[in-house]
Structure formats: structure tokens, C-alpha cells
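K.L.:
Test case, fold it:
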Amino acid sequence: MRIITLSAALAATLGLAACEGTDLERGVIGAGIGAAGAAATGRSVAAGAAIGGTAGVVCDDVTPELCR
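P.N.:
Coordinates of the predicted model:
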């Protein structure tokens, strides 16, 4: 169950944060989405924010076709 939750949070972060202007903006949006997802599922908010922030920062490097 935890893998599914983390995968869903990562997918949401990549999808929603993919097209903001800078790495910082994507990281902040990703951290917010990760924290909200973790809080909604009863997980660690700090861990969710860290995972979401990281995913937001690297999403344009991993999926450049989404950031045009």
C-alpha cells in the first residue's frame, strides 16, 4: 500500500509541477503537493514534502517532453 501511495504522490507531483518556470518554483509546488498527499494519507508530512520537492526539482530533467 505504501508503494502505491508514494507512486501516486510522485505522479501527481510530476504532472502538476512539470511546467513551472524554475527549479525552485517546481520544488516548492512539489513539496506542497507531497506534504498534502502525505497528510491526507496519514503519512509523514516532512517525508512527503521532501519527496515531492525532489520530484518537482528533477521533473524537467527526467521528463523534458512535458516542459515545453
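K.L.:
where does this structure have low pLDDT?
P.N.:
1-2, 5-6, 9-20, 66-68 (pLDDT under 70).
K.L.:
which stretches of it form helices?
P.N.:
All helices of the chain, identified by DSSP state H, fall at 2-17, 23-41, 45-62.
K.L.:
now these in a markdown table, with mean neighbour count?
P.N.:
The C-beta positions use only the backbone N, C-alpha and C, and glycine is treated the same way. As requested, those are exported to a markdown table (neighbours: other Cβ atoms under 10 Å):
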| stretch | mean neighbour count |
| --- | --- |
| helix 2-17 | 16 |
| helix 23-41 | 20 |
| helix 45-62 | 19 |
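K.L.:
what about Gly48, distance to Val28?
P.N.:
Note on Gly48: its distance to Val28, by Cβ to Cβ, to the nearest Å, is 14 Å.
K.L.:
What of Glu65?
P.N.:
Relative to Val28, and taking Cβ to Cβ, Glu65 is found at 23 Å.
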